[in-house]
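Visitor: Model the structure of this input:
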Amino acid sequence: MVFPGPIETLKYAAYLLGKSYTYRCIAFTMERMLTGFLISFAAALIFGMIGANSEFIEEMFKPFIITLRAIPTASLVYLFIIIAGLKNAPMLLVVLVCFPIIYEGVKDGIKNVPAGIASAAKVDGASLLEENFRVRLPLSFPYIIVAMVTSFSLSFKIEIMAEVITGSTNAGLGSAIAGVRSSDPTNMVPVFGYSLIAVAVMLVIDHLGSLLIDRFQKYNVLKDE
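Guide: Down below sits the predicted model:
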């Protein structure tokens, strides 16, 4: 009554993959997600470096970061609809969801750089900016990459969820799911078909992220040797 058969779902997913509209939906969702992700990454990089170098700023940011992690993401969608409209609400949600994850990765990565290395940079006459950008930040890449991969995978799911809630008429996987659901609430095959495609895209993103982490870890091992 509720769950469609797997064969029926696979056939419909194959039918959707033969339509250009499906790829426009994937492209639109990825575009909005990437925009939100890059905004959150830039902001997290700046504030993460500031927090790592100032205990006062770190403590001041801590309640804000905890609040962002605790607030139900679905409830923020309706606030962002009023602030930025249906089209931009999912993107803003991606920004707020990814920011605390990348912020913590940047901050912890910089703070875990051995103090001796930072002291050597100061002895060589490096300014605070040079010390962070040329020494601390490159050495904190393992933390940053893990945070980026984690938040990137999460942002894709958040973007689709927000598109479903907003019911935006713009192209997007979430919007497509909301559209087929509203046109025929009793037929769950199209919903599961689009969802299956979203899962496949998600698996590709996770796999590429895992490959990136493995490559970076192997590079660090070879460099240390």
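Visitor: Touching, Leu212 and Pro142? I think so.
Guide: No: in this structure Leu212 lies outside contact range of Pro142 using Cβ atoms under 8 Å: 11.3 Å. Where C-beta positions appear, they are placed from N, C-alpha and C, glycine not excepted.
Visitor: From Pro114, how far out is Thr73?
Guide: The spacing between Thr73 and Pro114, counted by Cβ to Cβ, to the nearest Å, is 37 Å.
Visitor: How about stretch 97-116, which residues are buried there?
Guide: Neighbour counts over stretch 97-116 (16 or more other Cβ atoms under 10 Å) mark 97-111, 113 as buried.
Visitor: Select from those every entry located in helices.
Guide: Judged by DSSP state H, the subset of those located in helices is 97-111.
Visitor: State the number of residues packed around Met49.
Guide: Per other Cβ atoms under 10 Å, the neighbour tally for Met49 reads 22.
Visitor: list the contacts for it?
Guide: By Cβ atoms under 8 Å, 6 or more residues apart in numbering, Met49 lies in contact with 106-107, 110, 132, 136-137.
Visitor: what sits against the nearest residue to Val189 once chain neighbours are set aside?
Guide: Using Cβ to Cβ, 6 or more residues apart in numbering and skipping residues adjacent in sequence, the residue nearest Val189 is Pro4, 4.4 Å away. For Pro4, the contacting residues are 188-189, 192, by Cβ under 8 Å, 6+ apart.
Visitor: Could you export those residues as JSON lines, including neighbour count and pLDDT?
Guide: Putting those into JSON lines (neighbours: other Cβ atoms under 10 Å; pLDDT from 0 to 100) gives the following:
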{"residue": "Met188", "neighbour count": "18", "pLDDT": "88"}
{"residue": "Val189", "neighbour count": "18", "pLDDT": "89"}
{"residue": "Phe192", "neighbour count": "22", "pLDDT": "90"}
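Visitor: helices or strands next to the strand or helix carrying Leu86 in the packing?
Guide: Here Leu86 sits within helix 73-111, counting by DSSP states H and E. Counting by 3 or more Cβ pairs under 8 Å, 6 or more residues apart in numbering; DSSP states H and E, the packing neighbours recorded for helix 73-111 are helix 20-53, helix 55-70, helix 137-139, helix 141-166.
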